[in-house]
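K.L.:
what follows is a predicted protein model with its sequence.
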Amino acid sequence: MSPTTIYDPEVITTTPTKVRLDRRASRPAPSRPPKLSPKILATLLLIPSVTIIFAAMILCAEFVLGAVGLGDDEYIKVDPVLGITHLENKWVNFRHEGFSRDKISSAGLRDVEHQVAKPEGVKRIAFIGDSKTQALQVNIADTFVRLVEDQLNAAAADGTTLPSETPQKQQKRFETINFGMSSYGLVQYFVQYLTRVRPYAPDVTVVVYHIFDSSENIPKFGTATLPAPTVSMNNKGDMAIDYNFLDGWLYTSGARYLISSEWWRRNSHLFQALSADDFMLRNSSKWYVNILEKIFSPFERAYENAMSKVSLTAFGDYQATRRKVQEEVRALDKQVSHESMWPWTLKVQSPANPASGADSSNEYKMLHNAASADALIAGRIFRMLNLACRKADSKLVVVTLPAPDNMVFYIREIQCLKQLAKEEGFTVIDAHSEFPLLAPMEPSPLYYRSHFSPAGHRKLAGVIVDGLKPILK
């Protein structure tokens, strides 16, 4: 074979080219995406535009609501030890009765900021109570807790200003701390002292006591009240803190909703405003409730399943705190008297004089028996609380708040507390007797409806200061 055949340019160049052409011919033609119709393309472009516009509207609503001070209604968070507490560092607007706009402290108190360690040379007074002490109806500066501090420090400064001190920079001698929380009862006051109040080392612990505080010590199944720790007694009469009722609530969709929505309830003005409107309409409009049930009934099972998966791990090892409280209460209960502080008994009707047993009517008998049972538990709790305070070098003071003049059994309960205070060595400041007697719902400048107005807080502060002065000496 001639070398020219091997290296023939025709052979070298054309043969591979033919092979490549054959291979290309054997390959399938590349598929091209189908062309979108103008309508579909416009729809696809519209989706992100609508999303952006919707997000901008939400952000705008958030900004406007925040600027005008609306949408800060939420203030409750779930607490597995106490039932509920405040949302920390949360601005709250309150308009249901009176008006206030204030920030919950970093410790979850409706008060100014307080450090846990007690400042040197300062006497601390801790106030424990329910919504009357929490006082959302007025600004923090107008609450009786803050007014008590101002009045005590003003009285201490009269004539005692050091040469190096100016009136504006005088050392604070007294510090008051507000631990009040709406819906709390006597058992919560006790548990709150053991877990939250005692670390602040108060020199005086004031329980601001009100009607129905003693009746909230046992579970109220089927009621709308927020669950809380309660008490139970075994067949030997030993008292214990019981968390069964609270645990039952923690596993409901309502409690899990509060847990899962906490971030939104803290940070979204719009979410809070809608929640407030929803709450108001649920309690005032049957039409709204019916429409809501029809809309969401198909999703009820899915909602229940979603809520059941909300975890309680965010609360940490709260069971350890519970056990510590229960152990301390059992130990305290063994050291105090178990006798009832209720001295009254029902009169027995005489056949010769039917009027002699008028208080044996069924209605009166039921009320009397309930008051007597509540007083039995309340007396033991106050004895245990007083003992716990003494061990922590804190003096217990009970302030009995005013109530309508038809609350006969509450007035008797105040008498019982005064007698118990003499026996156990604590102090009762009877604010009930210092306020004018009013019939139920009778208007007064001291109240809005059921809570104190600024004038009422000023009067109560004066009564408490007068009662504390002998103790603080």
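P.N.:
Looks like it came in fine.

K.L.:
can you pull out the strands in this structure?
P.N.:
Defined through DSSP state E, the strands belonging to the chain, from first to last, are 76-79, 83-86, 91-94, 100-103, 123-128, 174-178, 204-209, 230-233, 239-242, 395-400, 427-430.

K.L.:
the second one: partners in the sheet, and parallel or antiparallel?
P.N.:
If I follow you right, that is strand 83-86. In its sheet, strand 83-86 lies beside strand 76-79 (antiparallel), with partners assigned from DSSP bridges.

K.L.:
residues making contact with the partner strand?
P.N.:
Strand 76-79 has contacts (C-beta atoms under 8 Å, 6 or more residues apart in numbering) with 84-87, 108, 226, 250, 255, 258-259, 262, 315. All C-beta spots, glycine's among them, are computed from the backbone N, C-alpha and C.

K.L.:
now, those residues that are in helices?
P.N.:
Here DSSP state H is the test, and the contacts of strand 76-79 give 250, 255, 258-259, 262 as lying in helices.

K.L.:
which of those sits closest to Leu194?
P.N.:
Using C-beta to C-beta, the shortest approach to Leu194 within those belongs to Leu250, at 20.2 Å.

K.L.:
how close does Met384 get to Phe212?
P.N.:
Applying C-beta to C-beta, to the nearest Å, one obtains 20 Å for the distance of Met384 from Phe212.

K.L.:
closest to Asp333 out of the strands of the chain?
P.N.:
Minimum separation from Asp333 across these (C-beta to C-beta) falls at strand 239-242, 4.7 Å.

K.L.:
buried ones in that closest one?
P.N.:
Of the residues in strand 239-242, those with enough neighbours to count as buried (16 or more other C-beta atoms under 10 Å) are 239, 241-242.

K.L.:
just give me the closest of those to Lys324.
P.N.:
Sorting those by distance to Lys324 puts Ile241 at the head of the list, at 10.5 Å, by C-beta to C-beta.

K.L.:
which residues does the closest one contact?
P.N.:
Listed by C-beta under 8 Å, 6+ apart, the contact set of Ile241 reads 187, 191, 229-231, 322, 325-326, 329.

K.L.:
now for the strands of the chain, which one comes closest to Gln335?
P.N.:
Short answer: strand 239-242, nearest of these by C-beta to C-beta, at 11.9 Å.

K.L.:
and which of the buried residues of strand 239-242 is nearest Leu45?
P.N.:
The shortest separation between Leu45 and any of these is 61.6 Å, and it belongs to Asp242 (by C-beta to C-beta).

K.L.:
doesn't Ser232 make contact with that closest one?
P.N.:
Yes: counting by C-beta atoms under 8 Å, a contact exists between Asp242 and Ser232, whose distance comes to 4.1 Å.

K.L.:
and the contacts of strand 76-79, which is closest to Ala370?
P.N.:
Leu226 (21.3 Å).

K.L.:
any idea how far Leu446 is from Ala431?
P.N.:
Ala431 is 11 Å from Leu446, where distance means C-beta to C-beta.

K.L.:
narrow the contacts of strand 76-79 to those that are buried.
P.N.:
With neighbours counted using 16+ other C-beta under 10 Å, the contacts of strand 76-79 contain these buried positions: 84-87, 108, 226, 250, 255, 258-259, 262.

K.L.:
now those residues in JSON lines, with distance to Glu304?
P.N.:
Conversion of those to JSON lines gives the following (distance: C-beta to C-beta, whole Å):
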{"residue": "Ile84", "distance to Glu304": "22"}
{"residue": "Thr85", "distance to Glu304": "26"}
{"residue": "His86", "distance to Glu304": "28"}
{"residue": "Leu87", "distance to Glu304": "25"}
{"residue": "Gly108", "distance to Glu304": "30"}
{"residue": "Leu226", "distance to Glu304": "20"}
{"residue": "Leu250", "distance to Glu304": "15"}
{"residue": "Ala255", "distance to Glu304": "13"}
{"residue": "Leu258", "distance to Glu304": "15"}
{"residue": "Ile259", "distance to Glu304": "15"}
{"residue": "Glu262", "distance to Glu304": "19"}
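
K.L.:
where is pLDDT lowest across those?
P.N.:
Looking at pLDDT alone, the buried ones among the contacts of strand 76-79 dip lowest at Leu226, where the score is 74.

K.L.:
mind listing what that residue touches?
P.N.:
With C-beta under 8 Å, 6+ apart as the criterion, the residues that contact Leu226 are 76, 83-84, 183, 249.

K.L.:
thinking again about what came up before, and which of the ones in helices among the contacts of strand 76-79 is nearest to Glu149?
P.N.:
Proximity of these to Glu149 was ranked by C-beta to C-beta; the top entry is Glu262 with 31.3 Å.

K.L.:
what's the neighbour count on the nearest residue to that closest one once chain neighbours are set aside?
P.N.:
The shortest distance from Glu262 to any non-neighbouring residue, by C-beta to C-beta, 6 or more residues apart in numbering, is to Lys77 (6.1 Å). Lys77: 18 surrounding residues under other C-beta atoms under 10 Å.

K.L.:
dig out what Lys77 forms beta bridges with.
P.N.:
Going by DSSP bridges, Lys77 forms beta bridges with Thr85.

K.L.:
I'd like the distance between it and Ser261.
P.N.:
Taking C-beta to C-beta, one finds Lys77 at 10 Å from Ser261.

K.L.:
do Pro227 as well
P.N.:
Taking C-beta to C-beta as the measure, Pro227 falls 18 Å from Ser261.

K.L.:
try Ala314
P.N.:
For Ala314, the distance to Ser261 equals 13 Å [C-beta to C-beta].

K.L.:
of the two, who's got more company?
P.N.:
Remark: of Ala314 and Ser261, Ser261 carries more neighbours, 15 against 9, as counted by other C-beta under 10 Å.

K.L.:
which residues touch that one?
P.N.:
Phe271.

K.L.:
repeat that for His269.
P.N.:
Taking C-beta under 8 Å, 6+ apart as the definition, contacts of His269 comprise 61-62, 65-66, 70-72.
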